[in-house]
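Participant: Kindly return the folded structure for what I paste below:
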Amino acid sequence: MALDYGRRRIGVATTDPSRTIASPHVTMKNADPPAEPPEGLLNLLKDLAPTVVLVGIPVHMDDSVGEMAIEAKEFAALLAARSGLHVVERDERLTSYEADEMLRQMELPRRKRREKGLKDMLAATLLLKEYLEEIR
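Facilitator: Here you go, the predicted structure:
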């Protein structure tokens, strides 16, 4: 499973049991303020029981770590502690940009492209896809 962490929303992507296909799964509302992993996400983790949970860390292009990256790292640590699952931090640089590009290429109506959460799910899917390709 992969998570695209955001202050308002968390995009979730999952893979099939053979770890071949990464698919968008859902977008969850984050807590306000985002101090703890949302209960809905913790329940989803219990239901799906993934072996690994990837959390995207938005590292800057110059490899520096900004406020959002620090927040995502804190979220990953809290998620590991609360869920008991193996949580792996992954550089997610450019996944949101790639997700925007994918939405443009799909030629969806502008309203559909701007649907809240769609980009977050796609970014999580790209993060998971890259990971699956690496472990093959």
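
Participant: Tell me where this structure has helices.
Facilitator: 39-48, 67-83, 95-105, 110-113, 118-135 (DSSP state H).

Participant: Kindly present those as TSV, with separate columns for mean neighbour count, distance to residue 59 and mean pLDDT.
Facilitator: Backbone N, C-alpha and C define where each C-beta goes, glycine included. Supplementary listing: the helices of the chain in TSV, determined by neighbours: other Cβ atoms under 10 Å; distance: least, Cβ to Cβ, whole Å; pLDDT from 0 to 100:
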stretch	mean neighbour count	distance to residue 59	mean pLDDT
helix 39-48	14	22	95
helix 67-83	16	6	94
helix 95-105	16	11	74
helix 110-113	10	26	63
helix 118-135	21	12	92
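
Participant: Dump these into CSV; add distance to residue 20 as well.
Facilitator: Supplementary listing: those in CSV, determined by distance: least, Cβ to Cβ, whole Å:
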stretch, distance to residue 20
helix 39-48, 17
helix 67-83, 24
helix 95-105, 19
helix 110-113, 27
helix 118-135, 7
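
Participant: Can you say which of those is nearest to residue 24?
Facilitator: Distance to residue 24, taken as Cβ to Cβ, is lowest for helix 118-135 among the helices of the chain, at 3.7 Å.

Participant: how far off helix 95-105 does that closest one point, in degrees?
Facilitator: Helix 118-135 and helix 95-105 are oriented at 110 degrees to each other (axes from the mean of the first three to the mean of the last three Cα atoms, to 10 degrees).

Participant: Who are the packing partners of helix 118-135?
Facilitator: Contact analysis of helix 118-135 by 3 or more Cβ pairs under 8 Å, 6 or more residues apart in numbering; DSSP states H and E lists strand 2-4, strand 9-15, strand 22-29, strand 53-57, strand 87-91, helix 95-105 as its packing neighbours.

Participant: Deepest-packed of the ones you listed, please.
Facilitator: Of the helices and strands packed on helix 118-135, the one with the most neighbours on average (mean count of other Cβ atoms under 10 Å) is strand 2-4, at a mean of 30.

Participant: Paired strands for that strand, with orientation please.
Facilitator: The partner list of strand 2-4 in its sheet, established with DSSP bridges, is strand 9-15 (antiparallel), strand 53-57 (parallel).
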